Structure formats: structure tokens, C-alpha cells
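*Asks:* sequence first, predicted model second:
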Amino acid sequence: MKPEARKRARERLDQRLAPLKPTDRFRAPPKGWVRAVRDALGMSGVQFARRLHVRPPSIAALEASEENETIQIKTLRRAAEALDCTLVYALVPNDSLEGAVHARARKIAFRELDRVAHTMKLEAQETPGTGMDERVEAYIRNNVRDRDIWDEP
């Protein structure tokens, strides 16, 4: 995928994911979503087991696996359907995808520009303090754009 196409894809995903922020609204209840919804519906574990076509002891294991964050998505989807719910699954960036790419590019640019500045200082060729932000953005435009910014940790 070309850089401009990736940028458009990031922007589209950022727009789709924006309504999901802030993510703390979606933090699971202490015993998990399955248990919270089941209890709110007034459905017993036995009734829920019948709807899932499993034995009643499996319900405690299912709810415990959600609480421990070890539940499989497939199992969670089946549980949601049995509760007449829809499983919503998304990875919501803490910032934005575009912001993450730009922050990573800035980190690389700062590191590279610091290296160059250090070498020039050692060789007594230090440049006067021109705007660092301008130099960083220029470095990103000219050097980072086509590079895979995720190669290094």
C-alpha cells in the first residue's frame, strides 16, 4: 500500500473509532459483561446454559474466563448471542492512528537529528539554534515518509 493510501486508511479508521472514545466508558464490570447482562436480565445460570447448549457448570467457567480476560472471542460471541446481544470488538488507539504514526516519525527524527547535532558539535560545526520543530518536520518530510517506522522498538 502506498503512503498516501495508508494515510487515508488511518484517517478513515480514526473517524470510525472516534465515537468509541473515551474508552473508559467500555470498561468491563467487575465480574464481566456476560455476568452483568445475565444478572440484569434476571436469567439464571441454568437458563443461560440451556440457551448456550452447554452444561450449567460450564457457565461458571465461561464467566470466570471473561473475568480473568482469558475468554476466547468465539466463546464471547456465542454468549452474547445467547443473551440477545451483539459483541462489539475494536482496537481503539489511545491517541489516533495518524497521531501514533506522527509521534513515531518525530521520535525517529529527533533521534537522528540529535545524532547529527552531536557529531557536528564534536567537529565544531554546530549550527545555530534554528527552530527544532521546523527541522524535525522537514526531516520527517524528506527522510521518514517512505521508511518503515516500526522496524525499531
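*Replies:* Cool, got the structure.

*Asks:* got a pLDDT number for Arg38?
*Replies:* Per-residue pLDDT puts Arg38 at 97.

*Asks:* check the one 4 residues further on too.
*Replies:* Model confidence at Gly42, expressed as pLDDT, equals 97.

*Asks:* let me see the contact set for it.
*Replies:* Not one residue lies near Gly42 by Cβ atoms under 8 Å, 6 or more residues apart in numbering. (Glycine included, C-beta is placed from N, CA and C.)

*Asks:* how near is it to Cys85?
*Replies:* Distance, Gly42 to Cys85, using Cβ to Cβ, to the nearest Å: 15 Å.

*Asks:* repeat that for His53.
*Replies:* To Cys85, His53 is 17 Å away according to Cβ to Cβ.

*Asks:* which of those two has more neighbours?
*Replies:* Neighbour count, other Cβ atoms under 10 Å: between His53 and Cys85, Cys85 has more, with 14 against 9.

*Asks:* next, the more buried one: phi, psi?
*Replies:* With angles defined as degrees, to the nearest 10, Cys85 sits at phi -120, psi 170.

*Asks:* which stretches of this protein form helices?
*Replies:* For the chain, applying DSSP state H gives helices covering 3-17, 33-41, 45-52, 56-67, 73-82, 97-122, 132-139.

*Asks:* okay, the ones you listed in CSV with mean neighbour count and distance to Phe26 next?
*Replies:* What follows is the helices of the chain, written out as CSV (neighbours: other Cβ atoms under 10 Å; distance: least, Cβ to Cβ, whole Å):
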stretch, mean neighbour count, distance to Phe26
helix 3-17, 13, 12
helix 33-41, 17, 9
helix 45-52, 17, 22
helix 56-67, 17, 14
helix 73-82, 16, 14
helix 97-122, 14, 18
helix 132-139, 14, 35
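
*Asks:* right, I'll call it a day here.
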